[in-house]
Structure formats: structure tokens, C-alpha cells
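> Okay, here's the prediction I keep looking at, along with the sequence it came from:
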Amino acid sequence: MDQKKARLFEKTRSGLKEEVIVSPLEKRVRIEGEKADRTRFGSSYFSNNEDRKNNKEETNTLKYFKLLESHIKQQDAIGLIGPGMHRVKFYNYLVEKNAFKNKRYIMESTNKLTENQLLSKVKNLLGS
């Protein structure tokens, strides 16, 4: 799991079923010809949009988490594997929800796993 996509694995009789949820959110895309949103004062630059940008990012993250939540509601165990702090934010989001309080969570920090290493880790977590 990261900011761009989440890979959901479910244990089935025939093996592992994978579903990829791509984040519908994009970082701000700069439009060609658009002016900078900062002001120059001497040799320093100031932005008057910092709060607005932060609020927009938080809102977009919440939308992504709600999308993921809708796909994992029925699961008894949830494994959050990935780089960075996004998985920790998602874990904190889930713990606040009453529907997810009695679930079993497994969190692991990983950087740059190969496909085989990831599948092996998922199989170990799911007991396959």
C-alpha cells in the first residue's frame, strides 16, 4: 500500500485472489502556462495557499481511505505492508472506526520488494 495504489489479497480455495485499487487522487498537476502560486519578497518566496493545499490533500487522502475501507469491511485480518507513513495513517483511520475495532492487524514496513518477495510475505501472513 502506498499513496498511488493498494493491492488487496484474499485467500481462496484456488490460491490468492488479488485486487488492485488505484488511488483516484492525483497530486496537483501543473497546467502549462499557469503562473506560480507564490509571491517573491526580496530573496524569499511565500505561498498564500499552504493551508488550502494541506486541506485539499487531507480531504483527498480521506476519500482514498474510504474507498479502501469499502473493499475490506468483510475481512477478519488486515495486513498493511508498504513503504512510508501512508499505511500508518490508514491503520489509525481504521482503528477509529467501530466496525474495525475487533479486527486483527499486521503492519510491516517494507522498501522495494520484488513481486516474489511480496507474494511470499502475503502467503505467510494469510497462512497459505
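Alright, I've got the coordinates.
> So, low pLDDT: which residues of the protein?
Counting by pLDDT under 70, the chain shows low-confidence ranges at 26-40, 46, 48, 128.
> report the longest helix in it, please.
Taking DSSP state H as the assignment, the helix of the chain that covers the most residues is helix 50-72.
> Which residues does that one contact?
With C-beta atoms under 8 Å, 6 or more residues apart in numbering as the test, helix 50-72 has contacts from 1, 3, 6, 8, 19, 21, 23-25, 28, 47, 78, 89-90, 93-94, 97, 100. C-beta coordinates here come from the backbone N, C-alpha and C atoms, glycine included.
> and these, which are buried?
When neighbours are counted using 16 or more other C-beta atoms under 10 Å, the contacts of helix 50-72 contain these buried positions: M1, Q3, A6, L8, I21, S23, I78, K89, F90, Y93, L94, F100.
> so which of these comes closest to I106?
I78 (7.3 Å; C-beta to C-beta).
> Quick check: bridge partners of the closest one?
When assigned by DSSP bridges, I78 has beta-bridge partners Y105.
> Could you list which residues are in contact with it?
Listed by C-beta under 8 Å, 6+ apart, the contact partners of I78 are I72, L94, F100, K103, R104, Y105, I106.
> Could you pull out the strands in this protein for me?
Taking DSSP state E, the strands of the chain run over residues 5-12, 15-22, 38-41, 44-47, 77-82, 104-109.
> Pick the most deeply packed of the ones you listed.
Mean neighbour count (mean count of other C-beta atoms under 10 Å) peaks for strand 77-82 among the strands of the chain, with a mean of 18.
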